[in-house]
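**Student:** Okay, predicted coordinates and the sequence, questions at the end:
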Amino acid sequence: MKDLKDLLELVNQAITENDFIEGYNHWFIDYSGHVNTLRVRHYEAGWSIKDGKESRSERCEVYLTPEGIQEAYWFIKNRLKNKN
């Protein structure tokens, strides 16, 4: 079972693999400590706005309970370029 430390290590990995130069695999991660939530948006093809519409993303928003930590961990893990 993964814990908050494991999740935050993956968050760090996702942030460092943001590829704004090549224009793909963008991560947006919001942590709200006052309500204990984590919101993650992943744009595999890169973030952009065209014709007033945001590019397609996958999203995960969880409370940081043991179950929420598992959900967020595997959401990020399965979308990282480098899965090590």
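**Tutor:** That came in fine, so what should we check first?
**Student:** how far does stretch 5-16 sit from the chain's center?
**Tutor:** Per CA atoms, centre = their mean, to the nearest Å, the displacement of stretch 5-16 from the mean C-alpha position of its chain is 9 Å.
**Student:** ugh, wrong one, stretch 24-36
**Tutor:** Centroid separation for stretch 24-36 versus its chain: 7 Å, with CA atoms, centre = their mean.
**Student:** For that stretch, measure first residue to last.
**Tutor:** 29 Å (CA to CA, to the nearest Å).
**Student:** Could you list the low-confidence segments of the chain?
**Tutor:** Residue ranges of the chain with pLDDT under 70: 19-22, 83-84.
**Student:** Going by secondary structure, A14 is in what exactly?
**Tutor:** In this structure, A14 sits in helix 4-16 according to DSSP states H and E.
**Student:** Using PDB, write out the CA atom coordinates for the very next helix or strand once past that helix.
**Tutor:** Counting by DSSP H and E, the next helix or strand C-terminal to helix 4-16 is strand 26-32. In PDB, the C-alpha atoms belonging to strand 26-32 read as follows (Å, rounded to 0.1, in the frame of the first residue of the first chain):
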ATOM      1  CA  HIS A  26       2.000  18.600 -19.200                       C
ATOM      2  CA  TRP A  27       1.100  18.100 -15.600                       C
ATOM      3  CA  PHE A  28      -1.000  20.600 -13.500                       C
ATOM      4  CA  ILE A  29      -1.000  19.700  -9.800                       C
ATOM      5  CA  ASP A  30      -2.900  21.500  -7.100                       C
ATOM      6  CA  TYR A  31      -2.700  20.700  -3.400                       C
ATOM      7  CA  SER A  32      -5.100  22.200  -0.900                       C
END
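**Student:** Buried residues, the next helix or strand after strand 26-32. List them.
**Tutor:** Scanning forward in sequence from strand 26-32 by DSSP H and E, the next helix or strand is strand 37-43. For strand 37-43, burial by neighbour count (16 or more other CB atoms under 10 Å) applies to L38, V40, R41, H42, Y43. For the C-beta atoms, the positions are set from N, CA and C on the backbone; glycine is no exception.
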